[in-house]
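> Sharing a model prediction with you, sequence too.
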Amino acid sequence: MAQAQPAAARAVVVGGGIGGLTAAVALHLRGWRVTVLERSPSLARVGAGISLAPNALRALDVIGAGDAVRELAAWQGDGGMRTPKGRWVSRIDSAALAERFGGPLVVLHRATLIDKLAARLPEGTVRMAVAATLVDPGTRTRPALVRTPDGDLEAELVVGADGIRSAVRRTLFPTHPGPVYSGFTTWRIVTPAPELPFAAHETWGRRRIWGTQPLKDGRIYAYGAALAPAGERAADDERQELLRRFGDWHEPIPALIRAAAPADVLRHDVHHIAEPLPAFHRGRAALLGDAAHAMAPTLGQGGNQAIEDAIVLAHHAEPAGSADLAAYSADRGPRTAAIARKALQVARMNMMDNRAGIALRNTAITALSKAGPALFLRSFDGIADWRPPQRPYASDGTRVGN
């Protein structure tokens, strides 16, 4: 008589963003029975654009999603940094970047990435409009417990992927101070491409910056950031605020702002976790992404690091139901803390106020750029060249970690 197969270990992922869905797919491929609980009623419209560096694309390769994302994304071409009047301060050689880090930097809409990740999960895995509360993180001998309006869920692993205001983090580390205001606010828009030609660029001014990146579908993802008091909002609408702050900068910046519908301008203050958590886990619960290490967006690594977290977490989660969460914390804590510190340093350079300091900054960047792409790109060593612990390019039928 054949013996009954043991039931699959249970994992509950709180949060259906990029990090949470990546973790869900990776754990599913690892042999876990996964439930994703998302507070929002829909995954259809999520944010604006996201840049994925080679490190995140290699992480997505582990779950067989890397090539699909590369196909849907725009590969960032040659561009660079400009002044508000349009002068090029530095140029980036996209071929040199791809050669140095083993792949391109790509840009796509966040909703596109969300859709592709969600499609890799069995039907019914993601439950929408569900408020979840971690009641008990569990122990080695007791499962974790998550409470929902529809009843309690026990799990051998709970993943807190519920963002910067993470309720799971507050349950695990109630005395931690949480995120703090970084001193600047951001705007993001997705608009039709302007008629005039342009190259991808980031423009650094005084106390503010602007970035413009093409998407593969012909639209433009653009973002602005500026020093501002926390909670400040435009008296009229945020498109007018963008015109006030960036309307006299070089084209295509004013044209892109005018092309955006006021309702489509997203504004968010930037917060980060200044005091690193003592660990990314407690009991059977683990944190990832902004819930664990919210950082300034100035290196474009927030979502990338969430994807890395998810893949490394699955690597340490055995199909039998045990997860070496101490090893996960040890792997991810130092790396994400270092990248968060570097992102904050870049933010301070972005938002410089002193005119003499800005001139010195631009001169130094120009000199570094002219010295050759290797020197200029060296600042991303140790970030974009990261490789996952699992074998890459797993197919849909390949279990992660085998």
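Good, I have the coordinates. Small disclaimer: the values here were computed from a predicted structure and weren't measured.
> tell me the SS of A235?
Classification of A235 by DSSP: H, G, I helix; E, B strand; the rest coil places it in coil.
> So, low pLDDT: which residues of the chain?
Scanning the chain for pLDDT under 70 picks out the ranges 1-6, 44-46, 372-376, 393-402.
> Could you identify the longest strand within this protein?
strand 180-192 (DSSP state E).
> Can you give me the distance of the residue nearest to D78 when sequence neighbours are not counted to G211?
Counting by CB to CB, 6 or more residues apart in numbering, S94 is the residue found nearest to D78 once chain neighbours are left out, at 5.3 Å. Where C-beta positions appear, they are placed from N, C-alpha and C, glycine not excepted. Applying CB to CB, to the nearest Å, the value for S94 to G211 is 15 Å.
> who's more crowded, these two?
G211 (22 against 16; other CB atoms under 10 Å).
> picking that back up, now for the longest strand of the chain, which elements pack on it?
Where contact means 3 or more CB pairs under 8 Å, 6 or more residues apart in numbering; DSSP states H and E, strand 180-192 is packed against strand 219-227, helix 238-246, helix 253-259, strand 266-272, helix 325-350.
> chain center to it, what's the gap?
14 Å (CA atoms, centre = their mean, to the nearest Å).
> Pull out the buried positions in it.
S182, G183, F184, T185, T186, W187, R188, I189, V190, T191 (16 or more other CB atoms under 10 Å).
> ok, now stretch 130-145?
V130, A132, L134, D136, P137, G138, P143, A144, L145.
> Equivalent analysis for stretch 101-111, please.
For stretch 101-111, burial by neighbour count (16+ other CB under 10 Å) applies to F101, G103, P104, L105, V106, V107, L108, H109, R110, A111.
> between the helix or strand hosting the last one and strand 219-227, how many degrees?
Secondary structure from DSSP states H and E places A111 in helix 110-118. When axes from the mean of the first three to the mean of the last three CA atoms, to 10 degrees is applied, the directions of helix 110-118 and strand 219-227 differ by 110 degrees.
> ok, the residue nearest the centre of the chain - contacts?
For the chain, G303 is the residue whose C-alpha lies nearest the centre (CA atoms, centre = their mean; 1.0 Å). Going by CB atoms under 8 Å, 6 or more residues apart in numbering, G303 touches I18, G19, I50, L52, A56, R110, G289.
> Wasn't T35 part of a strand?
Yes. Assigned with three-state DSSP, T35 falls within a strand.
> Specify the beta-bridge partners of it.
Beta-bridge partners for T35, by DSSP bridges, are V12.
> OK, contacts around A200?
Q76, G77, D78, G79, T212, Q213, P214.
> how does it look with 7 Å?
Q76, G77, G79, T212, Q213, P214 (CB atoms under 7 Å, 6 or more residues apart in numbering).
> Distance-wise, check the spatially closest residue to N362 that is not a sequence neighbour relative to L196.
Excluding the flanking residues, the one nearest N362 by CB to CB, 6+ apart is V89, at 5.0 Å. The gap separating V89 from L196 is 21 Å, by CB to CB.
> Tell me which of those two has more neighbours.
V89 (19 against 8).
> Please, which helix or strand holds the more buried one?
strand 88-92.
> can you pull the buried residues of the next helix or strand after that strand?
On the C-terminal side of strand 88-92, the nearest following helix or strand under DSSP H and E is helix 94-101. Applying a neighbour-count criterion of 16+ other CB under 10 Å, one finds S94, L97, R100, F101 buried in helix 94-101.
> now stretch 194-213
Quick answer for stretch 194-213 (16+ other CB under 10 Å): 194, 198, 200-205, 208-213.
> Keep only those of those that are in strands.
H201, E202, T203, W204, R208, I209, W210, G211, T212, Q213.
> returning to what we had before: mind giving me the packing neighbours of the helix holding A111?
When contacts are defined as 3 or more CB pairs under 7 Å, 6 or more residues apart in numbering; DSSP states H and E, helix 110-118 packs onto helix 18-30, strand 49-52, helix 66-72.
> returning to what we had before: mind listing what the longest strand of the chain pairs with, with the direction of each?
With DSSP bridges as the test, strand 180-192 pairs up with strand 219-227 (antiparallel), strand 266-272 (antiparallel).
> Could you grab the helix/strand/coil label for L57?
For L57, the assignment made with three-state DSSP gives helix.
> Not counting its neighbours along the chain, what's nearest it?
Nearest to L57 is G66, by CB to CB, 6+ apart, at 5.0 Å.
> residues in contact with the one you found?
So G66 contacts L57, R58, L60 (CB under 7 Å, 6+ apart).
> same deal with A226?
Neighbouring residues of A226 by CB under 7 Å, 6+ apart: F184, T185, R207, R208, R245.
> again, only using 6 Å
When contacts are counted by CB atoms under 6 Å, 6 or more residues apart in numbering, A226 touches R208, R245.
> related to what we said a few turns ago, partner strands of the strand holding V89 and their direction?
In the sheet, strand 88-92 lines up with strand 79-82 (antiparallel) (DSSP bridges).
> and the strand it pairs with, how far out from the chain's middle?
That offset, for strand 79-82, works out to 22 Å (CA atoms, centre = their mean).
> picking up where we left off before, show me which of the helices and strands packed on helix 110-118 has the highest average neighbour count.
Ranked by mean neighbour count, these are led by helix 18-30 with a mean of 28 (mean count of other CB atoms under 10 Å).
> could you say what helices and strands it packs with?
Judged by 3 or more CB pairs under 6 Å, 6 or more residues apart in numbering; DSSP states H and E, the packing partners of helix 18-30 are strand 10-14, strand 33-37, helix 110-118, helix 302-315.
> Name the helix or strand for L108, please.
Applying DSSP H and E as the criterion places L108 in strand 106-109.
> about what we covered before: can you check what angle separates the longest strand of the chain from helix 238-246?
Using the same axes, to 10 degrees: strand 180-192 against helix 238-246 is 100 degrees.
> quick one: the residue nearest to D78 and R258, what's the gap?
As judged by CB to CB, S94 and R258 stand 29 Å apart.
> Also L113?
In terms of CB to CB, L113 sits 28 Å off from R258.
> Among the two, which residue is more densely surrounded?
Neighbour count, other CB under 10 Å: between L113 and R258, L113 has more, with 28 against 13.
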